[in-house]
Structure formats: C-alpha cells, structure tokens
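Novice: Following is a predicted model, sequence given first.
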Amino acid sequence: MRKRLNEAALSSLPAGIRRPDYDRSAVSTGIVHLGVGAFHRAHQAVYTDDVLAADPRWGIVAASLRSPDTFEALDPQQGLYTLSVRSQEGEALRVIGAIRRVIVAPRASDSLLDVMTNPATRIVTLTVTEKGYCHDPATGALNEKHPDIVHDLTYLKIPRSAPGFIIEALRRRRAAGDPPFTVLSCDNLPSNGRTVNRVLTRMAELVDPELGRFVAEQVSCPSTMVDRIVPATSDQDRERIGQALGVQDAWPVVTEPFTQWVIEDHFPLGRPPWEKAGAEFVGNVEPYEHMKLRLLNGSHSTLAYLGYLSGYETVADAMGDPSFVRLIQGLMDDEVAPTLHMPPGADLSSYKRALIERFKNPALKHRTWQIAMDGSQKLPQRLLGTVRDRLLVNAPIGRLSLGVAAWMRYVTGVDEKGAPIDVRDPMAPRLRELAERSEGSAERLARELFAVREIFGDDLPQDPRFTTAVTANLTKLYETGAKRTVAEFRPD
C-alpha cells in the first residue's frame with residue numbers, strides 16, 4: 001500500500017509533477033465553495049490555485065452538502081489532490097492546493113455557517129448542479145414546496161440546501177453589521193447569477209421581508225460561464241496516477257486541456273486576480289452562456305441519450321460513428337448557432353470546431369450514462385430554450401426534437417435490448433410511473449411526458465410543431481432503434 005498524498009509527500013514527488021508554488025501555511029480563507037465535486041476541483045479551484053502566489057487571501061473552504069466521500073478522500077490529504085489533464089498527446093499531472101479544508105455540511109452545519117459568516121469570507125461559489133438550487137427549471141423560480149426548502153424555512157439554523165445555508169449566513173452577517181459576500185454560481189443555469197438572485201431573494205422574503213429587500217438590493221450575484229469537460233474518476237485513473245506520483249491519491253480529477261471561465265465583474269468585497277489565470281471578465285456574460293449551454297451542453301445531452309441507447313459507452317465512442325458527427329455538426333451549425341448573438345470578436349466557428357475535437361478526445365472516457373443524469377433539470381436549459389427560439393421564427397427543430405425524444409426513450413428505464421437503465425434523476429420515480437402508464441406506446445409516452453410542466457412549461461405542449469416533431473422521432477426510435485435513427489436522419 002502506497003503512502004497517501006499530503007504536504008509531507010510533496011517534496012518527494014517526481015520532478016515532472018507540478019505542485020503548489022506558494023506557502024500553503026500563509027493562505028487564508030476568502031472563498032467558501034458549496035458542492036465540492038470533480039468539476040469545481042478541475043476548474044475554479046485550479047484558477048484559484050494559479051493566483052495564490054500573488055494573493056494568498058483567497059484559499060477555499062469547500063463543503064459537501066450531501067455525501068462525505070470527498071471529505072473522506074481529501075481530509076487525510078490536507079486538501080491536496082491531483083489534476084490530470086489528458087489528451088491524445090499524453091497526460092500532465094499537477095497537485096492542487098487551493099482547498100484548505102473540506103466540510104460535510106450534514107455533519108457540521110455550524111462549522112460551515114461559522115466560516116460563511118466570518119467577515120474574511122468575501123465570496124461564496126457554487127457547483128451544486130441544476131437540482132441543487134431547489135427551483136423550477138421551467139420558470140427559474142424557487143420551488144417553495146421542495147422538501148429541503150420546507151425544512152430550511154422551519155429550521156433556519158440547521159439548513160440542508162444551498163439556498164438555505166446562504167440565506168442563514170447572510171441573515172447572521174446582516175445582524176452582525178457585516179457586509180454580504182458575493183454569491184457566484186458556476187452551474188449551467190440560464191442567466192445563472194440572476195436566477196440565483198431570484199431564488200435567494202424569494203427565500204429571504206419567506207424568512208423576513210426586510211431580509212428579502214436586503215438580499216435583493218445588496219447581495220451581488222454575477223453571472224458566469226464555465227466550460228471544461230470533467231468525466232468521473234475511475235479506479236484505473238487512481239491506479240495510473242498513483243503509480244506516476246509514487247503515493248496514493250484517493251480522489252484525483254481527470255479533465256481535458258481546454259478550460260474557459262467568463263465572469264461578470266461585480267465583486268463589492270474584492271476578488272482574486274483570476275484574469276491572471278486566464279479568466280475573462282465581461283460586462284454581460286449571457287451571450288457566452290448561451291453559446292456554451294446550447295452548443296456544448298445541448299450537444300452533449302443529445303449525444304448522451306442517443307449514444308447510450310445506441311450502445312456507446314463514451315462520448316468519444318459515439319463520435320467515432322460518422323453518423324453521430326454529422327448529426328451533432330448539423331445540430332450546432334443549422335439549429336443552435338442561428339439562435340446565438342455573440343459580441344464582436346467572438347469566434348463561433350472556431351468554438352464549434354473545437355467542440356467536435358473535444359468530443360472526439362479518446363483519453364477522457366466521458367461516459368454517456370454520466371452525462372445523461374438529471375435530464376429533467378437540464379433539458380430546459382440545454383435544448384428547450386433553443387427550441388423556443390427556433391419556433392419563434394418558425395424554423396425547423398428536427399435535430400433538437402430528436403434529442404428530446406431520445407431523453408423520453410431513455411427515462412423509460414429500459415434499453416433497446418430490454419435491460420434496465422439506471423436512471424439517475426430527481427424526478428426518476430415520477431418519470432418511470434408515466435412511462436409505465438404509456439404501456440409501450442410512443443405516442444402515449446410523449447403525451448404523458450409533455451404534461452410535466454416543470455420541464456416543458458405551459459407553452460411547448462400546446463405547440464403542434466414541437467409535439468408532432470418529438471412524437472415522430474420517438475416513434476422512430478422505438479421502431480428502428482437509436483443507432484439506425486441517427487444513421488438515417490435527414491434534416492427537414
């Protein structure tokens with residue numbers, strides 16, 4: 001058994017392994033991150049690690065709101081972990097030291113609230129996935145009936161949800177006369193800063209109308225766009241990286257060379273100099289956000305559902321099929337790109353070309369099943385917003401509707417060979433019940449799922465241009481299978 005990665009082991013790592021270039025003992029906490037997971041550790045934590053030598057006031061305390069797994073992996077390692085950047089050219093390893101401490105919120109809510117209320121904490125960042133905001137994906141409003149929100153409004157001092165922790169910390173800071181921290185969402189939500197502000201303001205109003213006004217008027221929630229593909233870490237990754245390090249890393253993260261972070265620059269209490277690490281600060285992030293959500297994430301979800309149903313384990317496997325490349329290229333060029341309005345200088349053509357190459361990267365092993373998770377929360381942002389924009393100008397939605405139909409086929413929980421699909425989604429029981437009610441009829445399944453207003457809203461189920469296209473594609477998926485459907489697909 002190898003020794004664990006920790007600070008004592010840094011000096012003995014092989015020469016080719018990059019390690020922190022600053023004194024970790026001099027780093028103080030300026031950021032609390034909610035929802036510590038692979039993406040945060042491959043993205044925001046890396047940008048922060050890059051600038052701690054210049055300004056050590058921005059160390060991160062990271063909190064898991066559910067599982068203790070990350071704490072159990074990183075606590076014995078003093079927060080250190082390995083970043084593996086993989087491409088067809090090889091693998092580069094780097095030890096990241098920006099995370100000073102990991103907290104498991106259900107075990108230590110007081111500790112988390114203490115660090116959030118400390119005046120030295122000036123930014124709270126989030127990667128809690130779409131479902132972590134306890135909102136209605138179709139409208140962006142707080143879901144006031146969400147069990148965690150109901151709990152947090154009843155028991156303010158022991159919150160469960162990300163909004164609950166933020167509101168209780170802001171309430172305490174306001175009572176102490178301390179200014180509010182900036183709330184920075186790094187999740188794939190449309191206008192994520194404004195969505196978060198809407199959710200937080202409503203929750204604060206339910207606690208106390210004065211607190212609601214305070215949040216609405218004084219809490220800054222800049223919007224962001226984040227972009228980096230981060231597949232789940234496998235046991236093979238752990239073994240390969242451990243051999244290269246000469247020590248055991250319980251939870252390294254694997255990612256691609258590409259990374260992008262676009263941020264609206266509104267931080268009343270200051271921020272790290274992330275621009276020195278390559279972040280781009282802009283006045284309005286929305287065009288970049290739409291670009292990424294619709295081109296990358298929309299294509300990814302389409303690839304995930306159709307690829308899984310076709311028997312492709314990874315995105316790269318699916319993109320090894322020329323029919324899938326043709327479908328995704330057409331989706332981006334003909335149906336998504338016309339809905340985007342980019343600022344001068346933005347090179348949309350280069351971004352699309354880069355996406356195709358990123359999707360083809362065989363070193364990442366990004367599983368279609370992983371991307372397919374939480375589709376009920378992702379569909380409104382990734383595909384349905386684009387659908388609405390296309391329908392506004394009476395433009396075709398053939399490929400978009402195929403992606404939606406593939407999601408419908410996937411959430412039945414049974415694949416094309418009759419084997420069970422492990423559908424991971426907060427609405428999975430309800431979706432499975434609707435699928436069973438359809439009794440194998442594509443038309444009835446579509447009708448049942450269209451009625452889920454949290455996903456499709458009130459408008460799309462009433463638009464025959466949408467319902468007819470999705471139902472036709474779903475019927476084709478049942479009759480001929482996903483692989484043949486993709487191969488035979490021809491645009492309208």
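Specialist: Sure, I can see it. Quantities reported herein were computed from a predicted structural model and do not represent experimental measurements.

Novice: Could I get the full set of strands for this structure?
Specialist: Counting by DSSP state E, the chain has these strands, from start to end: 29-34, 59-64, 81-87, 90-96, 99-104, 123-126, 182-185, 224-227, 253-255, 260-264, 280-282.

Novice: Out of these, flag the one nearest residue 296.
Specialist: Between residue 296 and these, the shortest separation by CB to CB is 6.4 Å, and it involves strand 224-227. From N, CA and C alone the C-beta is placed, and that goes for glycine too.

Novice: can you list the domain ranges for this structure.
Specialist: According to automatic domain parsing, the chain comprises the domains 7-282, 286-488.

Novice: Straight-line length of the shortest one, end to end?
Specialist: So the one you mean is domain 286-488. According to CA to CA, to the nearest Å, domain 286-488 extends 35 Å from its N-terminal end residue to its C-terminal end residue.

Novice: now stretch 323-339
Specialist: Length of stretch 323-339, first residue to last, CA to CA: 24 Å.

Novice: can you list contacts of it?
Specialist: The list of residues contacting stretch 323-339 from outside it, by CB atoms under 8 Å, 6 or more residues apart in numbering, reads 290, 294-295, 298-299, 302-303, 306-307, 312, 318-319, 348, 352, 355-356, 359, 386, 389-390, 395-400, 402-403, 483, 486-487, 489, 491.

Novice: before we move on, what about stretch 450-458?
Specialist: Under the contact criterion CB under 8 Å, 6+ apart, stretch 450-458 has outside partners 136-139, 376, 379-380, 384, 427, 430-431, 434, 449, 460-461, 467, 470.

Novice: In CSV, could you pull the C-alpha coordinates for it?
Specialist: What follows is stretch 450-458 as a C-alpha-only set of coordinates in CSV (Å, rounded to 0.1, in the frame of the first residue of the first chain):
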residue,chain,number,x,y,z
PHE,A,450,-45.3,16.6,-22.3
ALA,A,451,-47.7,17.1,-19.3
VAL,A,452,-44.7,17.5,-16.9
ARG,A,453,-44.9,21.3,-16.8
GLU,A,454,-41.7,21.6,-14.6
ILE,A,455,-39.8,20.5,-17.7
PHE,A,456,-41.9,21.7,-20.7
GLY,A,457,-43.8,24.6,-19.3
ASP,A,458,-47.2,25.5,-20.5
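
Novice: for the record, mean pLDDT for it?
Specialist: If you average the pLDDT over stretch 450-458, you get 95.

Novice: Show me which residues of it are buried.
Specialist: Neighbour counts using 16 or more other CB atoms under 10 Å place 450, 452, 454-457 of stretch 450-458 among the buried residues.

Novice: cool, stretch 1-9 as well?
Specialist: Under the neighbour-count criterion of 16+ other CB under 10 Å, stretch 1-9 has 4-5, 7, 9 buried.

Novice: Count the neighbours of the residue lying closest to residue 39 once chain neighbours are set aside for me.
Specialist: Distances taken as CB to CB, 6 or more residues apart in numbering place residue 230 nearest to residue 39, at 4.9 Å, with adjacent residues excluded. Here the number of neighbours of residue 230 (other CB atoms under 10 Å) works out to 21.

Novice: Over to residue 345?
Specialist: By the criterion of other CB under 10 Å, residue 345 has 5 neighbours.

Novice: what does residue 379 give?
Specialist: Applying other CB under 10 Å, we find 24 other residues in the vicinity of residue 379.

Novice: related to what we said a few turns ago, let me know the closest of the buried residues of stretch 450-458 to residue 264.
Specialist: When the buried residues of stretch 450-458 are compared against residue 264 (criterion: CB to CB), the nearest one is residue 457, at 26.7 Å.

Novice: if I read this right, residue 391 contacts residue 466, doesn't it?
Specialist: Yes - assessed by CB atoms under 8 Å, residue 391 is found in contact with residue 466 at 6.6 Å.

Novice: and for the two, which residues touch both?
Specialist: Common contacts of residue 391 and residue 466, defined by CB under 8 Å, 6+ apart, comprise residue 397.

Novice: if you count what's nearby, which of these two comes out ahead?
Specialist: A count of neighbours by other CB under 10 Å puts residue 466 above the other of residue 391 and residue 466, at 23 against 17.
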